[in-house]
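Novice: Sharing a model that was predicted from the sequence below.
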Amino acid sequence: MMLRFLFAAFVLVWTTASQACVPMQPCRIGERGEYRVSPPPGWDGRTPIGAFFFIHGHRASASEMMEYQELSDAVHKLGFILVAPQGLGDSWGTPGSPGEGKRDEAAFINAVAGDLEKRFPIDRGRLVASGFSQGSAVVWEIACHGDGRFAAFLPVAGVWWQPMPKTCTAPPRPLLHIHGLADPVMPIGGRSLRERWKQGDVSIAVATMRGYNQCRPAGSRSEQRGELACVFETDCASGRPVALCLHPGDHHTNPAWFMQVKDWLDAALK
């Protein structure tokens, strides 16, 4: 009984501070959808803090992201609230993909960010978008055609579907893409799906973003970060660096990668 009372008291205090949005329950945005949040342990709820969006992959969910302990641990160590938006059903309808047209995903993610800022004291200069697989395709979409509110992007194992954009409309932002060389689900070169849809080519996507951010090849450098073999573009006229990190594995994500590129992220958010 005492434990139940303490839990209820915690929920009441948190609800007051965050306008009815607690880690154990979804935050709803009217009929548009929902998302979940996980703040770092010990955060006082008043000090401005950055937000790390992690957009789940196909057949996953925001609640599963909340239960992904390695992910929340890494995001919290980086000093962010973890934000997990929920796809319609269990996936995302980006342009060119099988679910296209069900919802404007870029607009939804922007709406989540706007709602989050109403509930929590968010540091807008530390708003990061990441995601895995089809969730990574959403990240690429908002990096290219979003409203510019995100400060940096860390997509993993997924890019635009065909036809891929030749240029972007969003303001240039730092982007670091992570992909597996042995990925059979979203291969680096893309693949056709049931003869109706075609996934994009990672090298073309990264080259598009490097061109859009006005990065000069002469300014690139290669570094090994754990299992990640990275090429960093640092000489970008826009001031927004672009990087590609490859690992030898298949279609998966590893939150430890975010810690391995922490210095890149810190520099990108300055």
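Specialist: It's in. Numbers count the residues shown, from 1 in each chain.

Novice: What helices and strands are in contact with the longest strand seen in the chain?
Specialist: The strand of greatest length in the chain, counted in residues with DSSP state E as the criterion, is given as strand 122-132. Taking 3 or more CB pairs under 8 Å, 6 or more residues apart in numbering; DSSP states H and E as the contact definition, the neighbouring helices and strands of strand 122-132 are strand 49-55, strand 80-85, helix 105-119, helix 134-145, strand 152-156. Every residue, glycine included, has its C-beta placed from N, CA and C.

Novice: centre of the chain versus the longest one, how much separation?
Specialist: Counting by CA atoms, centre = their mean, to the nearest Å, helix 105-119 is centred 13 Å from the centre of its parent chain.

Novice: Mind checking the pLDDT average for that helix?
Specialist: Per-region confidence: helix 105-119 scores 95 on mean pLDDT.

Novice: Pull out the buried positions in it.
Specialist: For helix 105-119, burial by neighbour count (16 or more other CB atoms under 10 Å) applies to 105-106, 108-113, 115-116.

Novice: Tell me who's in contact with residue 124.
Specialist: 117, 149, 151 (CB atoms under 8 Å, 6 or more residues apart in numbering).

Novice: and what of residue 106?
Specialist: Residues 138, 141-142, 145-146 are the ones in contact with residue 106 under the rule CB under 8 Å, 6+ apart.

Novice: Return the residues in contact with the closest residue to it other than its chain neighbours.
Specialist: Here the nearest residue to residue 106 in space, its sequence neighbours aside, is residue 142; by CB to CB, 6 or more residues apart in numbering that works out to 4.7 Å. Residues counted as contacts of residue 142 (CB under 8 Å, 6+ apart) are 105-106, 109-110, 129, 150, 153, 170.

Novice: Start and end of stretch 69-88, how far apart?
Specialist: Separation of the first and last residues of stretch 69-88 by CA to CA, to the nearest Å is 24 Å.

Novice: What residues sit buried inside that stretch?
Specialist: Within stretch 69-88, the residues scored as buried using 16+ other CB under 10 Å are 71-76, 78, 80-87.

Novice: With stretch 161-180 instead?
Specialist: Neighbour-count burial for stretch 161-180, counted by 16+ other CB under 10 Å, picks out 161, 164-165, 168, 170, 172-180.
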